[in-house]
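*Asks:* Please work out how this folds:
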Amino acid sequence: MAAVAECFANTLTQALVGHDERLGLREETAQDVAFVTALYADTRWEELRPVDWPEAAKRDFLAQQSRLQSAHYREHYPGAELLLILRDDVPIGRLYLRAGASEVRLMDIALLSTECGHGIGGALVRALQAHVQQRGQQLTLHVEPANPAQRLYQRLGFRLIENRGVYDFLGWPA
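*Replies:* Numbers count the residues shown, from 1 in each chain. Model prediction:
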């Protein structure tokens, strides 16, 4: 699995540099917990805006949810590649992948809200599509039905495989 993961990192780094030479990827380490927690909070903050909790309680809740998500990924996706997306060597997002025999699972892609809408996510997903197409694999992911990323996935040719309650399970090629 490590050789496959290394290949992903190289391929995806090339795609990012082609999009913006200041972008890159590196493996997530234990020293990145604070960033990953802050990123999770940034991506989920709007959902908690209407909740009548003090700001500190919202931050504590989001930190707890980030820890639970991280534990879930590590337990259920052994061998996954957990990458941080960098601009000028500073983390701005994350990309989590797991390669299997017939599919590559895009477990998570997240960017700081200030980085959204600049084509970074699209460049990464298109690079993944090219990568799996060369290998005759399928690219799959879970996404919430109301997530704005649904529009990107539809434009890139992903199709619904199954509605799984709070998530749509999408695949490419369809």
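
*Asks:* From here on, just use CA atoms for contacts and neighbour counts.
*Replies:* Noted.

*Asks:* contact partners of stretch 35-48?
*Replies:* Residues from elsewhere that reach stretch 35-48, judged by Cα atoms under 8 Å, 6 or more residues apart in numbering: 58-59, 62-63, 66-67, 91, 93-94, 110-113.

*Asks:* with these in mind, which one is nearest to residue 84?
*Replies:* The shortest approach to residue 84 among those belongs to residue 94, at 4.2 Å (Cα to Cα).

*Asks:* Point me to the helix or strand that includes that closest one.
*Replies:* Element membership for residue 94, per DSSP states H and E: strand 90-99.

*Asks:* Against which helices or strands is that strand packed?
*Replies:* helix 2-19, helix 33-48, strand 81-87, strand 103-111 (3 or more Cα pairs under 8 Å, 6 or more residues apart in numbering; DSSP states H and E).

*Asks:* Report the mean confidence score over the third one.
*Replies:* Read it as strand 81-87. In this model, strand 81-87 has an average pLDDT of 95.

*Asks:* likewise the second one?
*Replies:* Here helix 33-48 scores 96 as its mean pLDDT.

*Asks:* What of the last one?
*Replies:* When the per-residue pLDDT values of strand 103-111 are averaged, the result is 96.
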